[in-house]
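# no FASTA, just this:
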């Protein structure tokens, strides 16, 4: 949501540590994030922001992106084959295609200032 002052949204980018993979989102930097207690999220520690594919531009050079799926294979967890960081994931959400952005990969995101929600993915 914009402030109604006529300004267009400022984009933000989540990238892996070495910089090979990134996802640039055509939205304002989020003020809220979500953590999840499912078997993979509790291990990776991502702080999630969800958006739609039409708002995201990816940089995924050939051979640089690994992919991992499990359970119902609803989410394609992607990671850099060089540094191992996971700046984003793609999949199907309750209302259609979604992109998960890991806010830990966004340098200008003040993680301590985020309002954090919790999702009980372990119960799914």
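It's in. Note that the structure is a prediction, hence the values are computed from the model and not measured.
# who touches the residue nearest to residue 114 when sequence neighbours are not counted in this structure?
Leaving aside its chain neighbours, residue 114 sits nearest to residue 33 (4.4 Å; criterion: CB to CB, 6 or more residues apart in numbering). All C-beta atoms are positioned from the backbone trio N, CA, C, and that covers glycine. By CB atoms under 8 Å, 6 or more residues apart in numbering, residue 33 lies in contact with 47-49, 103, 111, 114-117.
# ok, now with 7 Å
Counting by CB atoms under 7 Å, 6 or more residues apart in numbering, residue 33 makes contact with 47-49, 103, 114, 116.
# just the buried members of those?
47-49, 103, 114 (16 or more other CB atoms under 10 Å).
# before we move on, which element is residue 57 in?
Using DSSP states H and E, residue 57 falls within strand 56-59.
# so residue 35 is in which element?
strand 32-36.
# what's the burial count for residue 110?
10 (other CB atoms under 10 Å).
# report how many residues lie close to the closest residue to residue 41 other than its chain neighbours.
Of all residues beyond its chain neighbours, the one nearest residue 41 is residue 121 (6.2 Å), with distances taken as CB to CB, 6+ apart. Look at residue 121: counted by other CB under 10 Å, it has 15 neighbours.
# check contacts around residue 121.
If you count contacts by CB under 7 Å, 6+ apart, then residue 121 has 36-38, 41 around it.
# so the closest residue in space to residue 124 that isn't next to it in sequence: helix, strand or coil?
Spatial nearest neighbour of residue 124, excluding adjacent residues (CB to CB, 6+ apart): residue 38 at 7.0 Å. Look at residue 38: counting by DSSP: H, G, I helix; E, B strand; the rest coil, its state is coil.
# pretty sure residue 38 is touching residue 122, no?
Yes. Proximity of residue 38 to residue 122 meets the contact threshold set by CB atoms under 7 Å, at 5.4 Å.
# these two: which has the busier surroundings?
Legend: neighbour count by other CB under 10 Å for residue 38 and residue 122, higher for residue 38 (17 against 11).
# pLDDT wise, what is the more buried one at?
Note for residue 38: predicted pLDDT of 91.
# could you say which helix or strand holds residue 101?
strand 96-102.
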